[in-house]
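K.L.:
Okay, sequence plus prediction incoming.
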Amino acid sequence: MIKPFAEQKFDIPDLDGISKKTIEEHLGLYAGYVKNFNAIQSELQKMMMGDNPHTLSELQRRLSFEFGGMRLHEYYFNHLEGGAKEATGEFLSKVNEQFTSIEGLKKLMKNIGLMRGPGWAILYWDKKSGQFLTSFSGEQHMGHFVTLPIILAIDVWEHAYILDQGAQGKGKYIDAFFANLNWQSAEQNFLTAQAGSAAKQ
């Protein structure tokens with residue numbers, strides 16, 4: 001029996017360029033992912049010994065979408081809780097080594113985020129090769145690097161910015177995200193990933 005996942009709570013301060021209204025609605029969306037994941041998981045457990053593989057397979061397919069929405073938002077809101085506005089330490093050294101500078105990383109992540117379609121711009125750490133990898137995850141359950149821990153996750157679905165920046169404001173929103181980003185959250189994810197365990201949620 002799989003235990004239900006708990007909705008996490010976040011202490012997000014007033015942000016520049018991302019309104020309190022957007023955050024409130026975004027947190028509500030996150031709560032929905034948690035609720036939907038738990039509901040589907042519960043239904044799947046009831047159906048496991050049944051004789052309807054088609055219904056089972058469709059629910060199983062949906063489960064990864066809800067899980068991705070739940071977990072990626074936990075990274076995202078953790079990035080916005082407030083804290084260090086500049087990267088430091090070994091994380092900064094590795095970023096500078098691979099991307100020349102933090103500005104280089106930000107530019108790359110922004111370009112990834114500006115790709116058409118709903119999804120996420122994600123920075124991963126591959127301990128085996130000793131380097132960062134970047135990806136655009138379509139919606140939130142496609143395009144991931146299997147086994148790699150997430151260091152930085154930027155939600156680029158329209159719901160993250162349309163109230164504040166309009167339908168054409170994705171670029172301004174990504175700039176606002178970086179202006180509010182607590183780099184310490186990314187740095188902690190990096191240090192945990194480098195140590196070889198799952199990244200901090």
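P.N.:
Ah, there it is. Numbers count the residues shown, from 1 in each chain.

K.L.:
CA only for contacts and neighbour counts going forward, please
P.N.:
OK.

K.L.:
Where does pLDDT dip in the protein?
P.N.:
Along the chain, segments meeting pLDDT under 70 span 49-51, 197-201.

K.L.:
what helix or strand does the one residue sitting closest to the centre of it sit in?
P.N.:
Geometric centre of the chain, nearest residue: Leu72, 3.0 Å, by CA atoms, centre = their mean. Per DSSP states H and E: Leu72 is located in helix 53-79.

K.L.:
Also Leu15?
P.N.:
Here Leu15 is assigned to no helix or strand, by DSSP H and E.

K.L.:
now do Ala176
P.N.:
Ala176 is part of helix 170-180 when elements are defined by DSSP H and E.

K.L.:
and what of Leu191?
P.N.:
helix 183-195.

K.L.:
Figure out how far that helix is from the centre of its chain.
P.N.:
14 Å (CA atoms, centre = their mean, to the nearest Å).

K.L.:
Output it as PDB, nothing but the C-alphas.
P.N.:
What follows is helix 183-195, C-alpha atoms only, in PDB (Å, rounded to 0.1, in the frame of the first residue of the first chain):
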ATOM      1  CA  TRP A 183      20.400  30.600  -5.500                       C
ATOM      2  CA  GLN A 184      21.000  28.900  -2.200                       C
ATOM      3  CA  SER A 185      18.200  26.500  -3.100                       C
ATOM      4  CA  ALA A 186      19.900  25.500  -6.300                       C
ATOM      5  CA  GLU A 187      23.300  25.300  -4.600                       C
ATOM      6  CA  GLN A 188      21.800  22.900  -1.900                       C
ATOM      7  CA  ASN A 189      20.300  20.700  -4.600                       C
ATOM      8  CA  PHE A 190      23.700  20.600  -6.400                       C
ATOM      9  CA  LEU A 191      25.600  19.700  -3.200                       C
ATOM     10  CA  THR A 192      23.100  17.000  -2.400                       C
ATOM     11  CA  ALA A 193      23.200  15.600  -5.900                       C
ATOM     12  CA  GLN A 194      27.000  15.700  -6.000                       C
ATOM     13  CA  ALA A 195      27.000  13.600  -2.800                       C
END
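
K.L.:
Any buried residues in that helix, and which?
P.N.:
Judged by neighbour count using 16 or more other CA atoms under 10 Å, the buried positions of helix 183-195 are Trp183, Gln184, Ser185, Ala186, Glu187, Gln188, Asn189, Phe190, Leu191, Thr192, Ala193, Gln194.

K.L.:
what helices or strands is it leaning on?
P.N.:
Contact partners of helix 183-195 among helices and strands, from 3 or more CA pairs under 8 Å, 6 or more residues apart in numbering; DSSP states H and E: helix 53-79, helix 89-99, strand 119-126, strand 150-155.

K.L.:
Since that was my last question, I'll sign off now.
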